[in-house]
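Asks: Show me how the following folds:
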Amino acid sequence: MELAHLAAFVAVAEHGGFSAAAEQLHLTQPAVSKRIAQLEASLDARLFDRLGRRVLPTEAGHLLLPRARQLLADAEHAQRALRELDLDIGGSLRLVCSHHIGLHRLPPVLRKFGERHPQVELELRFLDSEQAWQEVLHGRSELALSTLGPATPPLQATRLWHDPLCFVAAATHPLAQRKTLALTDLSTHPAVLPDPGTFTHRIVAEAFALRGLPLHLRMTTHYLETIKMLASVGLAWSVLPQTLLDRSLRVLPVRGVKLSRDLGLVAHTGRTPSRAARAFTQLLRHYAD
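Replies: Numbers count the residues shown, from 1 in each chain. Next up is the predicted model:
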């Protein structure tokens, strides 16, 4: 039984005729007659007797009428509940985030989200960007905030922030004494960088590979804050986001090379976003570059 057919049946029963029912439903009389005929065919029962100009429910019609009214009321309540979903957002949201974004981009977003949607149970974990992508891919997290690499279905990446990268070293490092530098100069000194499997490491490595230059690594680590400390004590030069720079580091004037990365949101295209995820995504866009 279709709701449209039931609505036509109730209208005819309540108004005692097809013309009045058609007027109420904003349909033509033939359209109402067709719906009643289709309903009778589906139920294999005659629902109305036509007595001259009068239309009266049969015994089957009387039996169906209260149930049809209840079905239509239930459908209306369900539609209203769906329309009101976003008015009271609750549930849970599993979010995974890179350490850097969590420290430097996420705090104002989390603060505002908590104020707007206190009923949402937020499960937040911090992982490297590449691991974060795997969490979304395998359905263990609904959203990820990370450095963006090449995204292939079923993952979809949305850029939120442009993140310039700078060549840096301690003020006492030999490279910091130069007024101008090229990648050739950096290739003769060891570097400390994120692990080779990270998107950021690949950005730096590709810049050297394009110029046929070696990249000498003193060590690698997952954490940018640790890299910053190692570079600030003069152990090696490095590449860090502008948001991490302070007086402990000096930006190296490397000519002809500008490095940057994109930060953003990763979601699974095959997953229907929860109300909480939709609200969080909408809020993120207000804080994007």
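Asks: Report the next helix or strand after the helix or strand of the chain with the lowest mean pLDDT in sequence order.
Replies: Of all the helices and strands that make up the chain, the one with the lowest confidence by mean pLDDT, DSSP states H and E is helix 59-83; it has a mean of 88. Of the helices and strands lying after helix 59-83 in sequence (DSSP states H and E), the nearest is strand 92-97.
Asks: list the buried ones in that following strand?
Replies: 93, 94, 95, 96, 97 (16 or more other C-beta atoms under 10 Å). All C-beta atoms are positioned from the backbone trio N, CA, C, and that covers glycine.
Asks: next structured bit after it?
Replies: Of the helices and strands lying after strand 92-97 in sequence (DSSP H and E), the nearest is helix 99-104.
Asks: which secondary structure elements does that following helix contact?
Replies: For helix 99-104, the contact count by 3 or more C-beta pairs under 8 Å, 6 or more residues apart in numbering; DSSP states H and E identifies strand 121-126, strand 143-147, helix 224-232 as packing neighbours.
Asks: Tell me if I'm right that residue 8 and residue 29 touch.
Replies: No. At 10.8 Å, residue 8 and residue 29 do not qualify as touching, with contact defined as C-beta atoms under 8 Å.
Asks: tell me the domain boundaries of this structure?
Replies: Per the record, the chain has its domains at 3-83, 92-161+263-286, 163-262, by automatic domain parsing.
Asks: Next, the buried residues of the least confident helix or strand of the chain.
Replies: 61, 64, 65, 68, 71.
Asks: show me what contacts the second one?
Replies: Contacts of residue 64 were listed using C-beta atoms under 8 Å, 6 or more residues apart in numbering, and they are 9, 43, 47.
Asks: re the thing from before, looking at residue 8 and residue 29, which is more packed in?
Replies: The residue with more neighbours, out of residue 8 and residue 29 and counting by other C-beta atoms under 10 Å, is residue 8; that gives 26 against 14.
Asks: ok, the closest residue to the more buried one other than its chain neighbours - how many residues close by?
Replies: The shortest distance from residue 8 to any non-neighbouring residue, by C-beta to C-beta, 6 or more residues apart in numbering, is to residue 35 (3.9 Å). Using other C-beta under 10 Å, the number of residues around residue 35 comes to 22.
Asks: My reading is that residue 35 lies in a strand. Confirm?
Replies: No. For residue 35, which was evaluated using DSSP: H, G, I helix; E, B strand; the rest coil, the result is helix, with no strand membership.
Asks: helix/strand/coil for residue 114?
Replies: The three-state assignment at residue 114 reads helix, by three-state DSSP.
Asks: Against the centre of the protein, work out the most remote residue.
Replies: Here the chain reaches farthest from its C-alpha mean at residue 52, the gap being 61.3 Å by C-alpha atoms, centre = their mean.
Asks: Distance check, it against residue 16.
Replies: If you measure residue 52 against residue 16 using C-beta to C-beta, to the nearest Å, the figure is 12 Å.
Asks: quick one: whatever helix or strand residue 31 lives in to helix 59-83, angle?
Replies: Remark: residue 31 resides in helix 29-43, with elements defined by DSSP H and E. Using axes from the mean of the first three to the mean of the last three C-alpha atoms, to 10 degrees, the interaxial angle of helix 29-43 with respect to helix 59-83 works out to 100 degrees.
Asks: So for helix 29-43, mean pLDDT?
Replies: Model confidence over helix 29-43 averages 95 on the pLDDT scale.
Asks: just stretch 239-258 next, same as before
Replies: 96.
Asks: And for stretch 161-181?
Replies: For stretch 161-181, the mean pLDDT works out to 97.
Asks: Show residues contacting the helix holding residue 31.
Replies: Contact with helix 29-43 is made by 1-2, 4-6, 8-9, 11-12, 18-19, 21-22, 25, 46-48, 60, 64, as judged by C-beta under 8 Å, 6+ apart.
Asks: give me that answer again for 10 Å
Replies: Applying C-beta atoms under 10 Å, 6 or more residues apart in numbering, the set of residues contacting helix 29-43 from outside is 1-2, 4-9, 11-13, 17-25, 27-28, 45-48, 55, 58, 60-61, 64, 68.
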